[in-house]
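*Asks:* with the input below, show me the fold.
(one chain, ligands or ions: 1)
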Amino acid sequence: MKFSVPIFDIKNLSFVVKEQTILSNISFEIFSSEYIAIIGPNGGGKTTLIRMLLGLETPTSGEVKIYGKKLTDFKEWHKIGYVPQRASHVDSSFPASVLDIVNMGRTSQRKLFSPLSKEDKELVHDAMAKMDILDLAEKMVGTLSGGQRQRVMIARALASKPEILILDEPNTGVDVASQKRFYALLSKLNKEDGITIVFITHDIGVIADDIARLFTINQKAIICNNPKQTLSCEEMSSLYGIDAHLLHNHKHEH
Ligand SMILES: Nc1ncnc2c1ncn2[C@@H]1O[C@H](COP(=O)(O)OP(=O)(O)OP(=O)(O)O)[C@@H](O)[C@H]1O
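*Replies:* Below you'll find the model as predicted:
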């Protein structure tokens, strides 16, 4: 794995705004097929970091490379699926069906107003099947539950055939049963389809056992390469504002 080109290679990334340091000197690599969780306290800079990886925010210093290329040279954005925070919060009268929303995962790669091809339709069907929402296709998205909407947003991202899926706190407002189902689906995408997953969460207690690495972000980054075994990771996390107890208790449940 170490010899392949990382999907993301970030070096010494810092972000300072109005003389306030939001992120300081962050470096890491993300490789194909990894499953990474990002945790950290409110305002610790997780979303800002992700936005910098995607070129939505410009770092004050440091460098981001995607598939070995500088952000300005990278064009294959369809390889990156991003589901931002609160993406699934839509008004109940929002005038789009589930199918309309998932189709958008294909239209972004096509010329404006050109119809979907047979292949596009197959990819949309496939994404909906993976997220188990085929039976919801004709429903208006605003009428769905939080958990259902969350799966619709992931299906939309999947329809563009991403190699990596970046999810920013996808479980906000979703009940525990739906969360479990969601973790199982994510794990399947990672194991069976080899999709790299980067997953920002607040909820350390429910971090799935499938996670290979844990990044703690609180202005600085702590990278735990073996979160299930390394006690020092918990200690470090607690130093950076994360409740180590939660992590500890969770591990002993399994
Ligand atoms: N462009 C910007 N201008 C001013 N402040 C910013 C900007 N971008 C981020 N910040 C500030 O940076 C801090 C980190 O925010 P960010 O949303 O990245 O944290 P987070 O770890 O994702 O938090 P949460 O868990 O609450 O979502 C916040 O205090 C935010 O207000």
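*Asks:* just the helices in this structure please.
*Replies:* For the chain, the helices defined by DSSP state H cover 46-53, 98-107, 118-130, 146-158, 176-193, 231-239, 244-252.
*Asks:* out of those, which is closest to the ligand?
*Replies:* Closest approach to the ligand among these (C-beta to the nearest ligand atom): helix 46-53, 3.3 Å. Bear in mind the C-beta positions are built from the backbone N, C-alpha and C, glycine included.
*Asks:* circling back to that earlier point, distance to the ligand and mean neighbour count added to the helices of the chain, as TSV?
*Replies:* Compiled in TSV, the helices of the chain are given as follows (distance: least, C-beta to the nearest ligand atom, whole Å; neighbours: other C-beta atoms under 10 Å):
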stretch	distance to the ligand	mean neighbour count
helix 46-53	3	22
helix 98-107	23	21
helix 118-130	26	16
helix 146-158	16	24
helix 176-193	17	15
helix 231-239	14	16
helix 244-252	15	15
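*Asks:* turn those helices into TSV, including distance to residue 220 and mean pLDDT.
*Replies:* Formatted as TSV, those follow (distance: least, C-beta to C-beta, whole Å; pLDDT from 0 to 100):
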stretch	distance to residue 220	mean pLDDT
helix 46-53	11	94
helix 98-107	35	91
helix 118-130	36	95
helix 146-158	29	90
helix 176-193	27	87
helix 231-239	10	55
helix 244-252	17	42
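*Asks:* Serialize those helices to a markdown table and add fields for distance to residue 76.
*Replies:* A markdown table is the format used below for the helices of the chain (distance: least, C-beta to C-beta, whole Å):
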| stretch | distance to residue 76 |
| --- | --- |
| helix 46-53 | 15 |
| helix 98-107 | 15 |
| helix 118-130 | 16 |
| helix 146-158 | 15 |
| helix 176-193 | 18 |
| helix 231-239 | 33 |
| helix 244-252 | 36 |
